[in-house]
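Novice: Sequence unavailable; structure follows:
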């Protein structure tokens, strides 16, 4: 059956209605993406339980936006602790599990490779093992990364069927996590026999997210923001590296759309891997992205500090999002320019009135959801 673009608006009620009133268990909820996700879930009426270590940075979006007060329950614990994790999931009896807990920094993975594999691979296995013993129907979205793919420095986007395994320990761990997910799906959560086990398992692959509230070590916009605050030029390690940039809310809208579809349908095709990234034309080299951000900010500069002795990082990375576009009716809501504008606005407000950031963050969620609802919808 041929699908086509229609001119009428997309409805966000797909995941809003599906998730409203549901018990949602979020791992990594104290992190950058996880804290935004919890705010959004609470905002649409879900009951959220969080499981993570303490916030990884100071400052951090989780604390700045008072995310803990929105939670039904908050567990500060390690994803590698299977006993504690299992008990927390059993207590929450979730309808949905969104697994985001991870070691997320590529350069740090060279410093702590074993820990990176323990967290990203065995942490994922622990979540799936806890779900396996839950005894309760559940939809599960495990978030890995766009860097899970074996990078060939190709100019076209990676598709969900491409080979796993990047060169660096971070990408390797994310590729390995995808293999764990596939193994559990085939061994225990057969998509063609959901009525028997009740578990619907999918993975989501996105990366290079930007947005207010990110204070992650080595993150590009974070480094630029810190340089601006210090009145210094930003130092760019790889100004020519090409990445599929997107706002954090855009990636989260993909995860939520996928979760909503899993709740509402037993279609076995949903239980697979999914790419969420920008539309073509929003993949920009680092230098151009920073130029746009500095223009949005109003001043600032950068210098090239690239060094051939730096640890390897991919030079070109694109994602194909055709599968999500056509099979989930999901579409990116903001261009890279709009994403950078909202990011700059968040950091400016944080510098001016940090006590207002919860309401400001929720207002940005509303702005994104409004933009998302006006996008063309893919229909059969």
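Specialist: Received, thanks. What you see is a predicted model; the values in this text were computed from it and never measured.

Novice: From what I see, residue 74 and residue 62 are in contact.
Specialist: No - Residue 74 is beyond contact range of residue 62, at 9.9 Å (criterion: CB atoms under 8 Å). For glycine as for every other residue, the C-beta is placed from the backbone atoms N, C-alpha and C.

Novice: OK, contacts around residue 356?
Specialist: residue 349 (CB atoms under 8 Å, 6 or more residues apart in numbering).

Novice: Can you tell me how far it is from residue 259?
Specialist: 30 Å (CB to CB, to the nearest Å).

Novice: just residue 336 next, same as before
Specialist: For residue 336, the distance to residue 259 - CB to CB - is 25 Å.

Novice: Neighbour count for those two, which is higher?
Specialist: Applying other CB atoms under 10 Å to residue 336 and residue 259 shows that residue 259 carries more neighbours, namely 28 against 24.

Novice: for that one, phi and psi?
Specialist: phi -60, psi -40 (degrees, to the nearest 10).

Novice: measure it to residue 277 for me?
Specialist: Residue 259 is 18 Å from residue 277, by CB to CB.

Novice: Overlap in contacts, residue 74 and residue 62.
Specialist: 29, 68.

Novice: so where's the longest helix in the chain?
Specialist: In terms of residue count, the longest helix belonging to the chain (DSSP state H) is helix 169-187.

Novice: Pull out the buried positions in it.
Specialist: 169-178, 180-181, 184-185 (16 or more other CB atoms under 10 Å).

Novice: Can you give the contact residues for that helix?
Specialist: Residues contacting helix 169-187 (CB under 8 Å, 6+ apart): 103-106, 108-110, 113, 116-117, 119-121, 124-125, 128, 132, 142, 144-145, 147-151, 164-166, 191, 201, 203, 205, 271, 273, 314.

Novice: Identify the residue nearest the geometric centre of the protein.
Specialist: In the chain, the C-alpha nearest the mean C-alpha coordinate belongs to residue 251, at 5.2 Å (CA atoms, centre = their mean).

Novice: So that residue: helix, strand or coil?
Specialist: Assigned with DSSP: H, G, I helix; E, B strand; the rest coil, residue 251 falls in the helix class.

Novice: What is the neighbour count of the closest residue to it other than its chain neighbours?
Specialist: Nearest non-adjacent residue to residue 251, counting by CB to CB, 6 or more residues apart in numbering: residue 206, 4.2 Å away. For residue 206, the count of nearby residues is 26 (other CB under 10 Å).

Novice: Then residue 221?
Specialist: If we define neighbours as other CB under 10 Å, then residue 221 has 23 of them.

Novice: With residue 127 instead?
Specialist: 27.

Novice: Could I get the buried residue list for the host helix or strand of it?
Specialist: Using DSSP states H and E, the element containing residue 127 is helix 123-132. Neighbour-count burial for helix 123-132 flags 123, 124, 125, 126, 127, 128, 129, 130, 131 (criterion: 16+ other CB under 10 Å).

Novice: Now do the same contact list for the fourth one.
Specialist: Contacts for residue 126 (CB under 8 Å, 6+ apart) come out as 79, 80, 81, 82, 85.

Novice: And for the first one?
Specialist: Each residue near residue 123 by CB under 8 Å, 6+ apart is listed here: 27, 79, 80, 101, 102.

Novice: Of those, which belong to helices?
Specialist: Per DSSP H, those never map to helices.

Novice: Looking at those, which is nearest residue 365?
Specialist: residue 27 (20.5 Å; CB to CB).

Novice: Now do the contacts for that closest one.
Specialist: 34, 50, 51, 52, 79, 97, 98, 99, 100, 101, 123, 127.

Novice: Residue 141 now?
Specialist: Applying CB under 8 Å, 6+ apart, the residues near residue 141 are 96, 97, 98, 99, 202, 203, 204, 255, 258, 259, 262.

Novice: picking up where we left off before, how about the contacts of residue 126 in TSV, adding neighbour count and distance to residue 213?
Specialist: Converted to TSV, the contacts of residue 126 look like this (neighbours: other CB atoms under 10 Å; distance: CB to CB, whole Å):
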residue	neighbour count	distance to residue 213
79	26	21
80	15	26
81	14	27
82	16	30
85	23	26
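
Novice: ranges for the strands of the stretch 201-350 of the chain?
Specialist: With DSSP state E, counting those that start in this stretch as the criterion, the stretch 201-350 of the chain has strands at 209-210, 234-236, 242-244, 246-247, 273-275, 283-285, 302-304.

Novice: Appreciated, that's everything.
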